[in-house]
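Undergrad: I would like the atomic coordinates for the input below:
(chains A and B)
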There are 2 protein chains.
Amino acid sequence: MNIEMIEAAALRLQGHARLTPILSSPFLDDIAGRRVLVKAECLQHTGSFKFRGGWSAVSALDPAARETGVIAYSSGNHAQGVALAARRHGVRAVIIMPDDAPAVKIENTRALGAEVVLYDRDTEDRDAIGTTLAARDGLHLIKPFDDPQVIAGQGTVGLELAWQLRNESLEAADVLVCCGGGGLTSGIALALESRAPALCVRTVEPEGFDDTARSLAAGDICTNARSSGSLCDAIVTPHPGELTFPIMQRLCGSGLVVTEDECLKAMAAAFERLRIVLEPGGAVSLAAALFHPAELSGDTVIAVATGGNVDPALFARAIEGGTSGG
Amino acid sequence: MNIEMIEAAALRLQGHARLTPILSSPFLDDIAGRRVLVKAECLQHTGSFKFRGGWSAVSALDPAARETGVIAYSSGNHAQGVALAARRHGVRAVIIMPDDAPAVKIENTRALGAEVVLYDRDTEDRDAIGTTLAARDGLHLIKPFDDPQVIAGQGTVGLELAWQLRNESLEAADVLVCCGGGGLTSGIALALESRAPALCVRTVEPEGFDDTARSLAAGDICTNARSSGSLCDAIVTPHPGELTFPIMQRLCGSGLVVTEDECLKAMAAAFERLRIVLEPGGAVSLAAALFHPAELSGDTVIAVATGGNVDPALFARAIEGGTSGG
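TA: Modelled structure (predicted):
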């Protein structure tokens, strides 16, 4: 993994991924006690940064290899990102999803042109299904984070940030990134190492699923006790990736951990002050920016808001709870 | 009013207003039966395009005249736009608001640094209060739409649109604009007349408050029977402006009218598919794009989504109602 791979991904993404805006509000600055800049990646195609990694991986394939199609495991944002990237390349996408995934997610993935293969979490092994299908049909597996071209695609968020902040006189600032397996975090960290080395990438995770924060503190990969049960389902992974962790270890500051209540309040603040829709897992970075000021340094903080695919009922609950101090 | 005034406003706005993105989703295209491009002006500072007009008017004042401050009448988006523009120029802003305006709007306007003067709608005359205050303190009145520099500021949305669409091969397309007094509509129409003459600006209003559609059809200014009682309060005005109507008459196609139910559905679709927050009055354009396909022409439609300042309870109602076909 290196900056050249991210630059190459950026070229492939040009005209296909959206350059997402950086948003701000004096009201958020007042809550945080410093300037807050929000990279609104929820406005990316399919509603999350995952489209970048999906596009990067599909477009990096040799055309002959790509022709037979791609396969991915996901019930969420990665599924939609890969599905749309494949559709726009005119190739087949097979997405393996648990049969208890929300109906709307299955429908959406199908509506983006993917073939959805459902499996029973209790009795079937998705890896076995995937391996069989991939071998039979010559499908190329696109992993959600531990894939160099996926990391390179997500890293284009970092290139954009460096470019968008070029006129700001930021001596140093924390860049808060919602962290699951670490594909986005490690990609951004590599991009900023090269383009804006004064910026320090910090991971943010929900309480109880802070595998990356603990891994960074321990200097070795740690695992979460639970694998589900978080509102922030989009960023819950058992542990950091094998490719991503060494990059995060070398380049990132200490990890931050926020509560679910702080996530919901951050969603309400983003609704009211930025007029964007965030899902809980996409709001942990803003939650840390707003509600953990003592753990940050500098007069500006940058929060990458990573996704906005959220059920209406949960979003309604978040915004009707209201912001504290907003 | 001419294109040079809009270009001059664009120069003054550079680095101050946000260049708002154009968003899209294959799911919205499917509902509308054509490609739908949404100019997300709800992401502008203060949550609506009104910041552009406010900044344009404040920045156009002679510095000596500006020094004493500005005054505006508004309980909504214009108030916040003028307040923030004045604050960033370091000048005083007095906003005259009815004393029954929602507390949160009064608080927000004050939090943006404005002095709020409350009046009783039943017993006091806001014009008299404004005139007295303006004369006493030398404040410059910034009208919400019938002001050349305000129209010029709103017209910068049109310049941006033309620039953002420069690589699209749009033979012809309707540009749908949420219309109150017509400041935004006339500004965009003037900008596109010069920069993208194949695009046809069409006004969109809520049922029962379709003064502009009727005025355009009649060739003369018509007035609404009611002055309140619409969910789309941000775009309810008694009739088109004296400056704005002749411009709209010369440049716009026929006006469109949507129901409140269509607005709520458009808000839900924007939430689910674009991850942006729209207020009812900011969603009428998208409602027309999605639900009035037979009244439009071309294979692409552009909807200017004008604002996103909405109460959580109303937004929750819109998104929990769900989209039809979305």
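Undergrad: Would you mind listing what in the stretch 1-150 of chain A touches chain B?
TA: A:18-21, A:23, A:26-27, A:30, A:40, A:42-43, A:47, A:84, A:108, A:111-112 (C-beta under 8 Å from any C-beta of the partner chain). Bear in mind the C-beta positions are built from the backbone N, C-alpha and C, glycine included.
Undergrad: between those, which is nearest residue A:206?
TA: Taking C-beta to C-beta as the measure, residue A:206 lies nearest residue A:42 of those, at 17.2 Å.
Undergrad: On the three-state scheme, the nearest residue to residue A:247 once chain neighbours are set aside is what?
TA: Leaving aside its sequence neighbours, residue A:247 sits nearest to residue A:186 (C-beta to C-beta, 6 or more residues apart in numbering or on different chains; 3.8 Å). Three-state call for residue A:186 (DSSP: H, G, I helix; E, B strand; the rest coil): helix.
Undergrad: Likewise for residue A:170?
TA: Per three-state DSSP, the local secondary structure of residue A:170 is coil.
Undergrad: which residues does residue A:180 contact?
TA: Residues near residue A:180 by C-beta atoms under 8 Å, 6 or more residues apart in numbering or on different chains: A:144, A:145, A:234, A:235, A:236, A:237, A:281.
Undergrad: Of the residues of the stretch 1-150 of chain A next to chain B, keep whichever come out buried.
TA: Among the residues of the stretch 1-150 of chain A next to chain B, those buried by neighbour count (16 or more other C-beta atoms under 10 Å in any protein chain shown) are A:18, A:20-21, A:23, A:26-27, A:40, A:42-43, A:47, A:84, A:108, A:112.
Undergrad: Let me have those in TSV, extended by pLDDT and secondary structure.
TA: Listed next are these as TSV, based on pLDDT from 0 to 100; DSSP: H, G, I helix; E, B strand; the rest coil:
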residue	pLDDT	secondary structure
A:18	97	coil
A:20	98	coil
A:21	97	coil
A:23	98	strand
A:26	95	helix
A:27	96	helix
A:40	98	strand
A:42	98	helix
A:43	98	helix
A:47	96	helix
A:84	97	helix
A:108	89	helix
A:112	94	coil
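Undergrad: ok, which pair from those residues is furthest apart?
TA: A:26 and A:112 (37.8 Å).
Undergrad: how about the helices of chain A, start to end?
TA: In order along the chain, chain A carries the following helices (DSSP state H): A:3-13, A:26-32, A:50-60, A:63-66, A:77-89, A:103-111, A:126-137, A:148-164, A:183-195, A:211-218, A:244-251, A:260-269, A:280-291, A:312-321.
Undergrad: pLDDT below threshold where in chain A?
TA: Residues of chain A meeting the criterion pLDDT under 70: A:322-326.
Undergrad: biggest strand in it by residues?
TA: Scanning chain A for the longest strand, with DSSP state E as the assignment, gives strand A:199-206.
Undergrad: which ones are touching residue A:201?
TA: Counting by C-beta under 8 Å, 6+ apart, residue A:201 makes contact with A:174, A:175, A:177, A:185, A:188, A:189, A:192, A:248, A:251, A:252, A:253.
Undergrad: I'd say the last one and residue A:172 touch.
TA: It refers to residue A:253. No. Counting by C-beta atoms under 8 Å, residue A:253 stays clear of residue A:172, with 10.8 Å between them.
Undergrad: I'd like the distance between the spatially closest residue to residue A:201 that is not a sequence neighbour and residue A:161.
TA: Once flanking residues are discounted, residue A:201 sits nearest to residue A:189: 4.3 Å by C-beta to C-beta, 6+ apart. Distance, residue A:189 to residue A:161, using C-beta to C-beta, to the nearest Å: 11 Å.
Undergrad: Can you pick out the residue with more neighbours from the two?
TA: residue A:189 (27 against 23; other C-beta atoms under 10 Å in any protein chain shown).
Undergrad: in terms of contact, does that one touch residue A:252 like I think?
TA: Yes. If you go by C-beta under 8 Å, residue A:189 and residue A:252 touch, sitting 5.7 Å apart.
Undergrad: In stretch A:56-64, which residues are buried?
TA: For stretch A:56-64, burial by neighbour count (16+ other C-beta under 10 Å) applies to A:56, A:57, A:58, A:59, A:60, A:61.
Undergrad: wait, which of the residues you listed is closest to chain B?
TA: residue A:58 (16.6 Å; C-beta to the nearest C-beta).
Undergrad: Could you tell me which residues make contact with the closest one?
TA: Neighbouring residues of residue A:58 by C-beta under 8 Å, 6+ apart: A:66, A:70, A:82, A:85, A:86, A:89, A:91, A:142.
Undergrad: Which residue lies closest in space to the first one, excluding its sequence neighbours?
TA: Counting by C-beta to C-beta, 6+ apart, residue A:66 lies nearest to residue A:91, which is 5.5 Å off, once chain neighbours are set aside.
Undergrad: Right, I'll call it a day here.
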